[in-house]
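A.B. asks: Here is my input; please provide its structure:
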Amino acid sequence: MSVDRTGRTILVTGVNGQVGFELARSLQGLGRVMAVDRSVLDLSNADQIRAVVREVRPALIVNPAAYTAVDKAEAESELAMRINAEAPGILAEEAKKLGAALVHYSTDYVFNGEKQSAYLEDDPTDPQNEYGRSKLLGEQAIAATGVDHLIFRTSWVYGSRGKNFLLTMLRLGAERPELKVVADQFGAPTWSNTIATLTAHIVSQAFSADDQAAWWRSRSGVYNLTASDSTSWHGFAAVIFELADLEVRPNVLPIPASDYPVPAKRPSNSRLSNDKLAHVFGLRAPHWKDALRLCLEAR
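C.D. replies: Reported below is the predicted structural model:
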């Protein structure tokens with residue numbers, strides 16, 4: 001028996017996370033939004049996942065929750081796999097049984113970062129760390145169920161809450177006169193609000209389709225979803241301090257990644273092409289600087 005998608009209960013996981021917090025707001029008006037945190041839906045607990053989905057019977061599951069501690073994942077690979085690889089597959093299985101759809105978020109870390117240009121969705125994957133491997137397996141687990149799904153790969157996510165590069169730079173910039181920031185890794189800093197807003201636009205298209213089943217059949221798959229254009233971590237930091245209202249700006253020095261060793265290897269190129277997103281959904285993300293300005297103004 002399938003759910004009635006006109007009822008439109010939308011189950012959102014990880015409501016206390018950067019993207020989950022924004023999704024709980026951007027999806028308002030598209031259905032009854034049930035946004036839950038880990039105390040209600042713990043993705044490391046397979047039985048709890050099944051029980052919650054079966055009780056809620058959503059028309060759509062939106063899953064931004066994830067194990068995101070990239071360096072800790074090297075030592076906690078089993079936990080990362082349970083949350084990032086196994087849980088999405090269970091959500092997909094349960095959604096498939098209900099006749100529901102699934103929106104899930106993945107990462108640029110599924111690639112090795114050696115390509116010279118922006119990555120396309122069908123480029124060969126080759127994750128270089130445990131986090132990236134777990135996220136790729138999650139993508140594959142979802143696709144294997146045959147559920148109606150959209151997987152959005154994003155990168156360098158920041159926002160006004162949680163732990164992220166923006167908040168770290170603002171904190172350190174207020175404490176230190178000089179900061180050293182990696183300048184040879186490149187990607188698109190992406191505001192969590194941008195991700196949630198574009199997701200809401202796409203979900204609205206799905207719910208407005210005359211034939212929702214056909215809409216999902218023709219569009220299910222992987223899409224890149226990042227801010228437009230790109231920069232280095234050093235470039236990102238420099239613009240943060242240019243736009244932020246600080247009494248004194250720190251001096252930001254560029255360094256190579258080799259000068260800042262971390263347990264998990266990062267891709268040097270995290271650029272993702274958004275062309276497929278624009279072609280299929282008619283949406284283009286704002287330039288990363290414009291989104292950053294809005295984020296800082298909203299703090």
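A.B. asks: Pick out the residue nearest the middle of the chain.
C.D. replies: Ranked by distance to the mean C-alpha position of the chain (C-alpha atoms, centre = their mean), the top residue is Y105 at 4.5 Å.
A.B. asks: any idea which element that residue lies in?
C.D. replies: strand 101-107 (DSSP states H and E).
A.B. asks: Next, the contact list for the closest residue to I202 other than its chain neighbours, please.
C.D. replies: Leaving out its chain neighbours, the residue that sits closest to I202 by C-beta to C-beta, 6 or more residues apart in numbering is F281, at 5.4 Å. Backbone N, C-alpha and C define where each C-beta goes, glycine included. With contacts defined as C-beta atoms under 8 Å, 6 or more residues apart in numbering, the neighbours of F281 are 201-202, 205.
A.B. asks: In strands, which of those residues appear?
C.D. replies: Among the contacts of F281, none falls in strands (DSSP state E).
A.B. asks: Of those, which is the nearest to E139?
C.D. replies: I202 (17.4 Å; C-beta to C-beta).
A.B. asks: What distance do you get for the closest one to G17?
C.D. replies: For I202, the distance to G17 (C-beta to C-beta, to the nearest Å) stands at 19 Å.
A.B. asks: mind checking the SS state of I195?
C.D. replies: Of the three states, I195 takes helix according to DSSP: H, G, I helix; E, B strand; the rest coil.
A.B. asks: what comes into contact with stretch 192-202?
C.D. replies: 18-19, 21-23, 25-27, 30, 62, 64, 103, 105, 150, 152, 154, 157-159, 225, 227, 277, 281, 283, 285-286, 291, 294-295, 298.
A.B. asks: tell me the contacts of D245?
C.D. replies: Contacts of D245 by C-beta under 8 Å, 6+ apart are L296.
A.B. asks: Within the helices and strands, which one has it?
C.D. replies: Using DSSP H and E, no helix or strand contains D245.
A.B. asks: buried ones in stretch 9-24?
C.D. replies: Buried residues in stretch 9-24, counted by 16 or more other C-beta atoms under 10 Å: 9-15, 17-24.
A.B. asks: Quick check, pLDDT for S2.
C.D. replies: Predicted confidence (pLDDT) at S2: the value is 47.
A.B. asks: how far does stretch 39-54 stretch from start to finish?
C.D. replies: 17 Å (C-alpha to C-alpha, to the nearest Å).
A.B. asks: buried residues in it?
C.D. replies: 41-45, 48-49, 52-53.
A.B. asks: With stretch 202-214 instead?
C.D. replies: 202-203, 206-207, 212.
A.B. asks: what's the answer for stretch 170-181, then?
C.D. replies: For stretch 170-181, a neighbour-count test (16+ other C-beta under 10 Å) marks 170, 173, 179, 181 as buried.
A.B. asks: Stretch 105-114 now?
C.D. replies: Those would be 105-113, for stretch 105-114 by 16+ other C-beta under 10 Å.
A.B. asks: can I get those in TSV with pLDDT and distance to A143?
C.D. replies: What follows is the buried residues of stretch 105-114, written out as TSV (pLDDT from 0 to 100; distance: C-beta to C-beta, whole Å):
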residue	pLDDT	distance to A143
Y105	98	15
S106	98	11
T107	98	16
D108	98	18
Y109	98	18
V110	98	13
F111	98	17
N112	98	21
G113	97	23
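A.B. asks: Now for those: which two are most distant?
C.D. replies: So, the buried residues of stretch 105-114 by C-beta to C-beta: farthest apart are Y105 and N112, at 20.1 Å.
A.B. asks: ranges for the helices of the protein?
C.D. replies: 18-26, 46-56, 77-81, 87-98, 130-145, 165-175, 192-208, 212-219, 233-243, 275-281, 288-298 (DSSP state H).
A.B. asks: so which of the ones you listed comes closest to V36?
C.D. replies: helix 46-56 (7.2 Å).
A.B. asks: Let me know the angle separating the closest one from helix 87-98.
C.D. replies: Interaxial angle of helix 46-56 relative to helix 87-98 (axes from the mean of the first three to the mean of the last three C-alpha atoms, to 10 degrees): 30 degrees.
A.B. asks: by contact count, what packs against helix 46-56?
C.D. replies: strand 9-12, helix 87-98 (3 or more C-beta pairs under 8 Å, 6 or more residues apart in numbering; DSSP states H and E).
A.B. asks: got a list of contacts for the first one?
C.D. replies: By that I understand strand 9-12. For strand 9-12, using C-beta under 8 Å, 6+ apart, the contacting residues are 3, 20, 23-24, 27, 30-36, 52-53, 56-62, 64, 203.
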